[in-house]
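S.K.: pasting the structure only:
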């Protein structure tokens with residue numbers, strides 16, 4: 001017969017019919033506790049062979065997933081109704097309880113509470129509170145027998161012969177309906193019956209003592225691996241791995257449930273992995289944004305905005321500690337700047353330089369160059385650092401051509417402005433030297449003040465080539481490696497010169513135009529005549545040199561007149577291979 005424990009009652013409970021044998025810690029410290037009882041009718045209680053508690057302990061969502069097998073009522077250990085029914089059905093007198101401390105029952109060195117309950121040879125695994133996990137099925141109406149069939153004598157005794165019968169109510173108004181994972185309203189007697197059937201069949205669910213430790217160990221290992229992978233695979237790659245880890249958790253949990261009846265929690269480890277992923281991703285995002293901000297701050301003033309964003313997105317393209325890299329260096333200097341400056345006030349001079357260098361800087365940045373520094377009337381820039389570029393020599397040459405064209409437009413503008421004031425302004429000329437070679441690239445300076453710059457002989461040679469433009473009267477001179485690295489552009493070899501501080505001679509070239517110039521028939525004829533001129537000068541063939549020189553003057557026009565004047569002076573004096581810069 002059933003009785004109910006209550007928390008507020010003080011009526012002493014009847015003596016339980018079952019006796020208990022306990023191995024390990026006292027189970028009273030683990031099981032649900034009640035102060036008193038609500039008993040059945042005395043006549044039924046007196047006639048009963050057993051007394052079992054009918055109390056439920058639903059989860060926080062009020063769903064019944066477990067039934068307590070043991071309860072404490074007024075300090076006395078009682079079996080639940082399903083457990084007591086099993087004892088009576090098996091004709092046993094004793095219930096054996098094994099708890100932590102019994103036969104060294106622990107998990108990770110900690111007390112785990114009640115491990116199992118045994119009636120005769122039937123072992124019932126429980127959780128630490130002595131509750132039995134239910135392996136529920138949906139209610140089957142064919143198993144119900146209406147009370148009126150018993151009362152009116154229409155029930156055939158053969159229907160119940162050899163069976164355990166539980167008597168209870170199913171009417172809604174009697175308030176004995178329970179929610180289970182499979183049904184929102186199940187009669188309480190149905191849950192008791194399924195619990196008893198589960199005990200008899202031995203088809204149990206259990207949460208093994210090692211479950212919590214296993215879940216924690218998996219969480220720590222998977223969480224650490226996920227955090228490590230985010231830094232190497234990125235958020236998307238780590239998300240795929242994390243999803244696979246969650247899938248593993250649910251798969252293992254399902255296999256443990258179906259094959260061994262083990263209850264391993266897949267939800268909390270999955271939520272914890274999600275939190276690890278979010279926290280690590282957020283930390284990585286903050287660090288990435290901080291690094292991007294640092295890159296933008298470091299390069300925003302001398303690298304084009306698209307390049308800054310490219311550096312911010314791809315940190316592997318940036319090495320700030322110093323490295324050797326092939327670069328193309330550009331030096332540009334205003335010729336005759338001293339004469340220009342003498343006619344201007346300090347304010348006018350600064351305004352003039354800003355007006356000149358602003359469009360020139362824009363051109364450098366548009367051609368993916370890096371502005372190194374402004375030196376009075378000169379500017380230095382380089383290509384292929386910090387962002388790698390396969391065609392850096394071509395980009396630098398194209399920037400030089402565009403800069404010369406821009407200076408021409410500025411001269412026209414300044415002349416028009418001066419004419420409107422009745423004045424005359426000096427014609428601004430720009431000399432540009434380009435050279436390609438290996439340099440040391442990185443931050444140069446001190447922790448308080450540093451610049452991203454380059455160091456190396458290629459820088460010095462580029463500066464010398466810029467100065468050589470005055471000697472030959474051409475706007476742009478490039479080194480041999482630059483010309484060879486940009487074969488699609490129009491170059492003419494000038495000479496082999498010996499740069500100060502160098503033992504060997506350097507071949508230098510004048511840059512005349514972009515691809516359309518290089519493909520033109522006029523340039524093809526000029527290039528051929530120029531090559532014949534250099535060959536004649538090298539062999540001191542005066543007649544051939546004069547013939548080629550005349551053709552070159554005709555094809556080269558005024559832009560190359562000073563260059564060919566210089567060749568004419570050399571004609572009978574010495575070959576160009578001995579020219580020094």
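M.R.: On my side now, so go ahead. Just so it is clear, the structure is predicted and the values come from calculations on it, not from any experiment.
S.K.: Identify the residues contacting residue 34.
M.R.: Residues counted as contacts of residue 34 (CB atoms under 8 Å, 6 or more residues apart in numbering) are 5-7, 9, 53, 55, 71-74. From N, CA and C alone the C-beta is placed, and that goes for glycine too.
S.K.: What of residue 533?
M.R.: Residues counted as contacts of residue 533 (CB under 8 Å, 6+ apart) are 545, 548-549, 552, 567.
S.K.: now, which of these lie within helices?
M.R.: The members of the contacts of residue 533 that map onto helices under DSSP state H are 545, 548-549, 552, 567.
S.K.: Can you get me a residue count around residue 58?
M.R.: Close neighbours of residue 58, defined as other CB atoms under 10 Å, add up to 13.
S.K.: Can you check the pLDDT for the residue nearest to it when sequence neighbours are not counted?
M.R.: Nearest non-adjacent residue to residue 58, counting by CB to CB, 6 or more residues apart in numbering: residue 64, 5.2 Å away. The model reports residue 64 with a pLDDT of 85.
S.K.: Wait, residue 64 touches residue 179, no?
M.R.: Yes. Residue 64 lies in contact with residue 179 (CB atoms under 8 Å); the separation is 6.6 Å.
S.K.: which one of these two has more residues nearby?
M.R.: Between residue 64 and residue 179, residue 64 has the larger neighbour count (other CB under 10 Å), namely 19 against 16.
S.K.: Distance-wise, check that one relative to residue 187.
M.R.: Noted for residue 64: a distance of 12 Å to residue 187, by CB to CB, to the nearest Å.
S.K.: Now the common contact residues for the two.
M.R.: Taking CB under 8 Å, 6+ apart as the criterion, residue 64 and residue 187 both touch residue 178.
S.K.: Low-confidence regions, the stretch 451-581 of the chain specifically.
M.R.: Along the stretch 451-581 of the chain, segments meeting pLDDT under 70 span 499-502, 572, 574-581.
S.K.: What is the distance between stretch 265-279 and the centre of its chain?
M.R.: 18 Å (CA atoms, centre = their mean, to the nearest Å).
S.K.: which parts of that stretch are buried?
M.R.: Neighbour-count burial for stretch 265-279, counted by 16 or more other CB atoms under 10 Å, picks out 266, 269-270, 272-273, 276-277.
S.K.: and what of stretch 410-422?
M.R.: 410, 414.
S.K.: Contacts for that stretch next, please.
M.R.: 355-356, 359, 424-425, 427-428.
S.K.: Now the buried members of these.
M.R.: Buried members of these, scored by 16+ other CB under 10 Å, are 356, 425, 428.
S.K.: Out of these, list just those in helices.
M.R.: Filtering the buried ones among the contacts of stretch 410-422 for helices - DSSP H - leaves residue 356.
S.K.: The buried ones among the contacts of stretch 410-422 into TSV, with extra columns for distance to residue 260?
M.R.: Below are the buried ones among the contacts of stretch 410-422 laid out as TSV (distance: CB to CB, whole Å):
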residue	distance to residue 260
356	83
425	95
428	88
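S.K.: Confidence-wise, which of the buried ones among the contacts of stretch 410-422 comes last?
M.R.: Within these, pLDDT is lowest for residue 425, at 83.
S.K.: Do a quick rundown of the helices in the stretch 1-150 of the chain.
M.R.: 42-47, 81-89, 147-151 (DSSP state H, counting those that start in this stretch).
S.K.: and the ones you listed, which is most packed in?
M.R.: With neighbours defined as mean count of other CB atoms under 10 Å, these peak in mean count at helix 81-89, which reaches a mean of 24.
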